[in-house]
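with the sequence up front, the predicted model follows.
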Amino acid sequence: MHSSMEFTKLISILLFFICWHITTVNAYVLAEKEPTNEKLLCPSIPIYESVAYATDMTIELPCKCRPDTKTRVYWFYKKSVNSVKTKMLTSDGAQKSLHVESKIVIKVYNIIIHKARVKDSGIYICGNGDGAFFWGYDIDVQDTSNAYVAFQEHYQDPQPDLQTEHLTAFTAFWNWEKCDRCDVPGEQRKLGFCYVSSAHLEPRHLLLQNSVVPCGSHGIPDNLRKEISDRKPEIFIRSCRTPCHTRVPGLKGTAQYWLHKVGKLKNYIPFLSKAPTEKHTHTVGSSLTLACPGAKPGDAVAWDKNDKQFYKSDYLIGQKQASRIFIDHGNHLNFRYVRYSDQATYYCWLQGKLKAGIKLTLSMDPTEKRKFKDSDSIRAVRIIGVSFAIFFLIFVIVHCIKCSAYNCKYSPSPCIADMV
């Protein structure tokens, strides 16, 4: 009986370390599928597919058609359809001359724009090296810094549609993201973008139908843009709770369920971290931004400080508690300035699974003693002296003006005497 208990204990310990090892090894692995290139006939006249995205998102645009599989694909950019200059895009990094400040990566037949900005909006066209165009996109990167944020638990409603004589502006919502945590209360986010429906749109700018384009599309006539200038993108947030592992009937499902239970034991062992953790040393008083490894801005990301959850309903930028520590719309954890009380381990969740930890340690700036002969010291003394002389002169002038009101108009000496 005693040997049987020892054998069972040994098996449990072995399963625990196997499960912990698997979780650690696969924590930073991202499954990446090769882009598919659908078989489409290229239009004789370039058509610009109008799509809206949010700032800080990673945008991937496929070249949907090409004459044959041997043709090499190039990507081009124009600020607008009527722009004379057309620039070829490469994977060399920032394209500052195009106002495309994000890192651009060309992968097979697709182009990827990381951490998109509003200035990245424009026309993206794939073609060949001889100047023939295959397929185009009219990309509208909408600014979420002033987005309309609503919480379902607060019974807040979305923005009403804007209807005018020539158009209708409305919000088109994406699907709900995954619950950002599992086995504990989490949150879900749904993004909504501004779109316009009108009979006066340019027909070459298409979405799913000829009469709908994003609010920043070049298919909207200039005389109608003022009517939608105040329309904002929307962000909806609601609470959720989902299990990390669902028990499946049968022997295999039971074994996986208990392996998951054994793997959770490491969360209660003090010297073992909940997830793969890296160390980061930062200076007290300076700003700091933490990013979840492998996360894209469109993914579901959540942040914890040790065992405390940072919920978007409290810490999303623009909320009441988001004065010093806040989560931006790109799912980054931001500190306007760091305090000693911020020294802790911060865990991030990615797509509902605990992803990684960042152990934050703080240090003070090394003090630097300056001498009187230093250039900075001489400059400071000069500024202080000049400022004193200017303020003293202003004081004398104001005093004399005040004195002149009491019959000292032509004799400044009494004024000076009064000052003394």
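Cool, got the structure.

and after the helix or strand harbouring residue 362, which helix or strand comes next?
In this assignment (DSSP states H and E), residue 362 forms part of strand 353-363. As assigned by DSSP H and E, the chain's next helix or strand after strand 353-363 is helix 375-404.

the residue lying closest to residue 227 once chain neighbours are set aside - how many residues pack around it?
Nearest residue to residue 227, sequence neighbours excluded (C-beta to C-beta, 6 or more residues apart in numbering): residue 164, at 5.2 Å. C-beta coordinates here come from the backbone N, C-alpha and C atoms, glycine included. Counted with other C-beta atoms under 10 Å, the neighbours of residue 164 add up to 11.

phi and psi next, for residue 164.
Main-chain torsions, residue 164, degrees, to the nearest 10: phi -120, psi -170.

ok, now residue 85?
Torsion angles at residue 85 (phi, psi; degrees, to the nearest 10) stand at phi -80, psi 130.

swap in residue 64?
phi -80, psi -10.

isn't it up against residue 125?
No - the criterion here is C-beta atoms under 8 Å, and residue 64 misses it with residue 125 at 11.6 Å.

work out the gap between the strand holding residue 362 and the centre of the chain.
A distance of 19 Å separates the centroid of the chain from that of strand 353-363, by C-alpha atoms, centre = their mean, to the nearest Å.

check stretch 45-55 too.
The answer for stretch 45-55 is 21 Å, by C-alpha atoms, centre = their mean.

and that stretch, what's its mean pLDDT?
The average pLDDT within stretch 45-55 is 84.

re earlier: overlap in contacts of residue 64 and residue 125?
Here residue 64 and residue 125 have 134, 135 as joint contacts, going by C-beta atoms under 8 Å, 6 or more residues apart in numbering.

measure the residue most central in space within the chain to residue 292 for me?
The centre of the chain sits closest to residue 330, judged by C-alpha atoms, centre = their mean, with a distance of 1.7 Å. Distance, residue 330 to residue 292, using C-beta to C-beta, to the nearest Å: 10 Å.

and if you look at residue 360?
Noted for residue 360: a distance of 14 Å to residue 292, by C-beta to C-beta.

next one: residue 128
Distance from residue 128 to residue 292, by C-beta to C-beta: 39 Å.

then residue 50?
In terms of C-beta to C-beta, residue 50 sits 31 Å off from residue 292.

residue 53 - that's part of a helix, no?
No - inclusion of residue 53 in a helix is not indicated when DSSP: H, G, I helix; E, B strand; the rest coil is applied; the result is strand.

walk me through the domains of this protein.
41-143, 145-242, 274-363, 380-419 (automatic domain parsing).

so can I have CSV of these showing distance to residue 252?
Converted to CSV, the domains of the chain look like this (distance: least, C-beta to C-beta, whole Å):
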stretch, distance to residue 252
domain 41-143, 36
domain 145-242, 21
domain 274-363, 21
domain 380-419, 74
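
lowest average pLDDT across these?
Among those, domain 380-419 scores lowest, at a mean of 74.

ok, residue 358 touching residue 277?
Yes - with contact defined as C-beta under 8 Å, residue 358 reaches residue 277; the gap is 6.9 Å.

okay, the two: which has more neighbours?
residue 358 (20 against 14).

how much space separates the nearest residue to that one once chain neighbours are set aside from residue 75?
Closest residue to residue 358 apart from its sequence neighbours, by C-beta to C-beta, 6+ apart: residue 346 at 4.9 Å. As judged by C-beta to C-beta, residue 346 and residue 75 stand 37 Å apart.

confirm residue 136 sits in a helix?
No - counting by three-state DSSP, residue 136 falls outside a helix, being strand.

next, the contact list for it, please.
Applying C-beta under 8 Å, 6+ apart, we find residue 136 in contact with 46, 47, 48, 49, 123, 124, 125, 126.

please redo it, this time with the cut-off set to 7 Å
Contacts for residue 136 (C-beta atoms under 7 Å, 6 or more residues apart in numbering) come out as 46, 47, 48, 49, 123, 124, 125.

residue 134 is in contact with the first one, correct?
If I follow you right, that is residue 46. No - Residue 46 lies out of contact with residue 134 (C-beta atoms under 7 Å); the separation is 8.1 Å.

neighbour count winner among the two?
Taking neighbours as other C-beta under 10 Å, residue 46 and residue 134 compare with residue 134 leading, 21 against 17.

what about residue 289, neighbour count?
10.

beta-bridge partners for it, please?
Assessed by DSSP bridges, residue 289 has beta-bridge partners residue 334.
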